[in-house]
Structures are given as structure tokens and as C-alpha cells.
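1. kindly return the folded structure for what I paste below:
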Amino acid sequence: MDDFQGRVAVITGGGGGIGAAMARAFAARGARIVLADVDRAAMEGVAAVLGKGGAEVLVVPTDVTALESVRALADAAERRFGAVHIVCNNAGVATMSEIAASTHADWQYTMNVNFWGVVHGVETFVPRLLARGAGGHIVNTASMAGLVGMRWLGVYCASKFAVVGLSEALHRELAEHGIGVSVLCPMIVETKINENSIRNRPAALRNLGEAAVPEGAAMMGSVIGPEEVARRVVRGIERKDLYIFTHPEQRAILQRRAARQDRMFEPDRW
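-> From the prediction side, this is the model:
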């Protein structure tokens, strides 16, 4: 069976960036699309473009930090299309600060969206996929910052490391049921995540002042467009890859990390 033709894909964070690019890539392969985001206007703009290309699209305003909102998303998708086959828990926010300077609100906001948003997607959609017994695929968006700890991104790293661990465990649990699980770990992608993270931050979790971050303190590496990320996601779903990487320079970074761990077993250290 084709992984996309006639299948239904739910994409959180679908109003722009990687989410919108995945929607375009899936629709080009014949999938029916359910866009979920807190920004209705942004989603409707994406949906209008997809609709002109002949895609069937449903827009559902969704706050992934609220379980009931994600459940309502699943119900709306099933009412419209009957079943969901691909779930992309993609909504995410960025926070930058050294850990000691991070506020409790930084932790709450980041974990609410980046971690609990994925948890809500998993606990809502996985039982439905299992009950139907027709396979499917889940893509959880993490980050290279979910594989390697980075200064100035400590809070963000914590949220994304949690997503990687959750995804690895879920991959093991669902493989025997024919349900694929991928964790998307990009480096720098040309999106508006920083601006959107500030604009969409709930008033109750905003800081009085933003911590000063030195120029160039963010993740290093080349910048790619979201369309390239979406292409790799399509391939990852087709191959049922656990990890989806986006930048060639990731390989050397991960090799260095593995080598540091391996050295701890040398006789003089062990």
C-alpha cells in the first residue's frame, strides 16, 4: 500500500515552516491533510495553496499543550476523513538562555509545547491506530539539540532529548503492530520559529525581560529550507526510519559524541 496516496496525515504546527512543508510534500503524493496550529490565519493560508493544487485539507485550530484540544483535533479529523494514518507531532517553540538564567516560565512554556505537545499527540492517536490495526506512522519532531547538549539551549535541549527518548521507546513498542515511528532531528532550518515562539507565548508564561544571548550563540551549521526537511521526512516514512537527519555535518558531531562515551570504557578510565 502506498504510504501517502489516499492516506490522512495530521500535522501539528502546520501553519508554517517544517509543518507546512510536510503538508505540501504529503499532498503532492496524494495524501489528505489535517492542519493543526494555534495560528488559524497561517493555517488557512497554507490550506488555500494546497486546495488550489487539488488537495483535500481540513484546518483545525489546536493548542497542543491541552490534551482536550488534541483529542478534539483527532475527533474532527475522523469525522471528516474517517481515519488517520500519519501523525506528525511537529509543533514546537524555541527558547535561548543559559540554564542558570532561565526562568520557571521558560521551562513551563518549552516543555508544555515541545514535550507535552508530543505526549498529547501520542496518547491521543496511538490507541486509535492500534485499534484500527491498519498500520500507520508517527513522526515526532525533535532536534539535533535532542541528541547533543548545547550551551544557551539547555531548556530546549531538555525538551527535545525527552522527545528522542520517547520516540525510541515508542518505535520498539509499535514495530510489531506495523506502525512506524520516526524522530526528526534537524539542525538549522529556515523557519520563523524564534519569532513565532515569542508571539505565541501565553501571557501568563512571559518574562518581564529577555535574557541577553551573545550573537552566534545558537546552534551552528548550515541553513537549509523546510522543503528539504519535508523530502527527508517522506523518505523516512517510506523506509520506516527511526531517525531522520537533515544535515551532513550531523554525522561527525554524533560520531564525536559516541567516541567520548566509548572512551569511558578504556581500561585506565573504567
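2. check what pLDDT Glu210 gets.
-> pLDDT for Glu210: 55.
3. and what of Arg231?
-> pLDDT recorded at Arg231 is 98.
4. ok, Glu215 next?
-> You'll see Glu215 listed with a pLDDT of 60.
5. try Lys192
-> 74.
6. can you tell me what sits against the host helix or strand of Glu228?
-> Take DSSP states H and E as the rule and Glu228 turns out to sit in helix 226-239. Residues outside helix 226-239 that contact it (CB atoms under 8 Å, 6 or more residues apart in numbering) are 3-4, 17-18, 20-22, 24-26, 29, 86, 88, 137, 139, 180, 182, 184, 186, 189-191, 241, 244-246. Using the backbone N, CA and C atoms, a C-beta is placed for each residue, glycine as well.
7. pull the contacting residues for the nearest residue to Thr103 once chain neighbours are set aside.
-> Of all residues not flanking Thr103 in the chain, Asn207 sits nearest, at 5.4 Å (CB to CB, 6 or more residues apart in numbering). Going by CB under 8 Å, 6+ apart, Asn207 touches Thr103, Ala105, Asp106.
8. any low-confidence regions in the stretch 51-200 of the chain?
-> Counting by pLDDT under 70, the stretch 51-200 of the chain shows low-confidence ranges at 197.
9. okay, whichever helix in the chain runs longest in CSV with CA atoms only?
-> In the chain, assigned by DSSP state H, the helix with the most residues is helix 154-174. Extracted C-alpha coordinates of helix 154-174, given in CSV (Å, rounded to 0.1, in the frame of the first residue of the first chain):
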residue,chain,number,x,y,z
GLY,A,154,19.7,23.9,27.8
VAL,A,155,15.9,24.2,28.3
TYR,A,156,15.3,23.5,24.7
CYS,A,157,17.7,20.5,24.8
ALA,A,158,15.9,19.0,27.7
SER,A,159,12.6,19.1,25.9
LYS,A,160,14.0,17.6,22.7
PHE,A,161,16.0,14.9,24.5
ALA,A,162,12.7,13.8,26.1
VAL,A,163,11.1,13.6,22.6
VAL,A,164,14.0,11.5,21.3
GLY,A,165,13.8,9.0,24.2
LEU,A,166,10.0,8.8,24.0
SER,A,167,10.3,8.1,20.2
GLU,A,168,12.9,5.5,20.6
ALA,A,169,10.8,3.6,23.1
LEU,A,170,7.6,4.0,21.0
HIS,A,171,9.5,2.7,18.0
ARG,A,172,10.3,-0.5,19.8
GLU,A,173,6.7,-0.9,21.1
LEU,A,174,4.9,-0.3,17.8
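10. what's the first helix or strand after it?
-> That would be, after helix 154-174 and using DSSP H and E, strand 179-185.
11. that following strand: which residues count as buried?
-> By 16 or more other CB atoms under 10 Å, the buried positions in strand 179-185 come out as Ile179, Gly180, Val181, Ser182, Val183, Leu184, Cys185.
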